[in-house]
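Enquirer: coords below, sequence missing:
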């Protein structure tokens, strides 16, 4: 899947704390979509600006920020894009009702799978 013919990734924040052996995870309610500066094509296989969305790479592109400020969009703007371009008749809010809950569940599973290793004082 591409966003307006460009690669993207989804960024979300989670804070994990461990105090006195108690591990807590805090899911931040917002995140963002990070986009590439250059339209995707298989013919540009070695062009990092086509394939890698991280800021350390993208900020060096002459086209950085051409489409979105800082090559980032909100979840809300991404949902509007999905509504117009991807959504089937039976699906509404595919990002908020399907993708984001799956991301949260995967994060919960990852924390559960590793929380016994998060407290360095237990080693």
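Expert: Cool, the structure landed. Being a predicted model, the structure only gives us computed values, none of them experimental.

Enquirer: for this structure, what spans make up the strands?
Expert: 8-19, 22-35, 72-74 (DSSP state E).

Enquirer: contact partners of the last one?
Expert: Here strand 72-74 makes contact (Cβ atoms under 8 Å, 6 or more residues apart in numbering) with 3, 30, 32-35, 81. In this view, the C-beta of every residue, glycine as well, is placed from N, C-alpha and C.

Enquirer: which one of the strands of the chain lies closest to residue 42?
Expert: Taking Cβ to Cβ, strand 8-19 is the member of these nearest to residue 42, at 17.0 Å.

Enquirer: so what's residue 86 up against?
Expert: 1, 94.

Enquirer: Repeat the analysis, applying 10 Å as the threshold.
Expert: Contacts for residue 86 (Cβ atoms under 10 Å, 6 or more residues apart in numbering) come out as 1, 94-95.

Enquirer: Could you do residue 65 as well?
Expert: Applying Cβ under 10 Å, 6+ apart, the residues near residue 65 are 37, 58-59, 71-72.

Enquirer: Closest one of those residues to residue 48?
Expert: residue 58 (8.7 Å).

Enquirer: isn't that closest one right next to residue 35, touching?
Expert: Yes - with contact defined as Cβ atoms under 10 Å, residue 58 counts as touching residue 35 (8.2 Å).

Enquirer: Between those two, which contacts overlap?
Expert: Joint contacts of residue 58 and residue 35 (Cβ under 10 Å, 6+ apart) are 70-72.

Enquirer: ok, of those, which one's closest to residue 99?
Expert: Using Cβ to Cβ, these come closest to residue 99 at residue 72, 17.1 Å.

Enquirer: Name the member of the shared contacts of residue 58 and residue 35 with the most neighbours.
Expert: residue 71 (25 neighbours; other Cβ atoms under 10 Å).

Enquirer: Buried residues, stretch 38-56. List them.
Expert: 38, 40, 49-50, 53 (16 or more other Cβ atoms under 10 Å).

Enquirer: repeat for stretch 108-123
Expert: Neighbour count says stretch 108-123 has residue 111 buried, by 16+ other Cβ under 10 Å.
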